[in-house]
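Q: based on what follows, work out the 3D shape:
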Amino acid sequence: MKSVIAFQQKFKSSLAALAVVAIFIIPTQSLAQELTKEHIKAARATMVATGATDRLDGILPEVATFIKAGLIANRPDIEAEINEIVNKVAISLAPRRGPLETEVASIYGNKFTQEELETIQVFFSSETGIKFLTQTPNLFREVDQVSKVWREGIARDMSQTVQEKMKEAGLQ
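A: Prediction:
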């Protein structure tokens, strides 16, 4: 049951990410036509260097898994057929990834100049940039961990101090 809930949360997160992308896509479509081929090329290179669209790789398999789970829950007797049909449909939808990449490149192109994109791409293709990308999840985890400890300490100390001040003021 926990795995189903975790999957549903991931699926909802993926849908939320798509919604955010869609929000940015709609207003940028008219602007995207103004971008030069070189600008879009720089945007795509930046996307590759930063792994910006890597997280989108899981959307199609996640949606397929979610659909399979729902269908199989209703008809466990035809699980093999459901798997086969959903897999075929998922594969048939894979080419739709290309237009998504184009839209994401347009978003990048509209947020950064060609020169900025080239600078970002060079940095994230460098040894330091690659290290930054690979260490970022660890950094976030460690920062989150120390901030939780700090928060607990602050909460403890504030609670104690407030209790003491209230006692001094005769409010307890």
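Q: can you pull the contacts of His50?
A: Just to correct that, residue 50 is Thr rather than His. 120-121, 124, 133 (CB atoms under 8 Å, 6 or more residues apart in numbering). No exception for glycine: its C-beta is placed from N, CA and C like everyone else's.
Q: point out where the protein drops to low pLDDT.
A: Applying pLDDT under 70 to the chain picks out residues 1-33.
Q: would you map out the domains in it?
A: Domains of the chain are assigned by automatic domain parsing as 2-114, 126-172.
Q: most packed of those?
A: Among the domains of the chain, the stretch with the highest mean neighbour count (mean count of other CB atoms under 10 Å) is domain 2-114, at a mean of 14.
Q: name the element the closest residue to Ile67 other than its chain neighbours belongs to?
A: Take Ile67 and drop its neighbours on the chain: the residue closest to it by CB to CB, 6 or more residues apart in numbering is Val86, 5.6 Å away. Val86 belongs to helix 79-93 when assigned by DSSP states H and E.
Q: buried subset of the contacts of Thr50, written for PyMOL?
A: Filtering those down to the buried ones (16 or more other CB atoms under 10 Å) takes a single PyMOL command:
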select buried, resi 120+121+124
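Q: for the contacts of Thr50, give me JSON lines that also has distance to Arg97 and secondary structure.
A: What follows is the contacts of Thr50, written out as JSON lines (distance: CB to CB, whole Å; DSSP: H, G, I helix; E, B strand; the rest coil):
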{"residue": "Ile120", "distance to Arg97": "22", "secondary structure": "helix"}
{"residue": "Gln121", "distance to Arg97": "21", "secondary structure": "helix"}
{"residue": "Phe124", "distance to Arg97": "21", "secondary structure": "helix"}
{"residue": "Leu133", "distance to Arg97": "21", "secondary structure": "helix"}
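Q: export the contacts of Thr50 to TSV and append columns for distance to Ile154.
A: Below are these laid out as TSV (distance: CB to CB, whole Å):
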residue	distance to Ile154
Ile120	36
Gln121	40
Phe124	35
Leu133	32
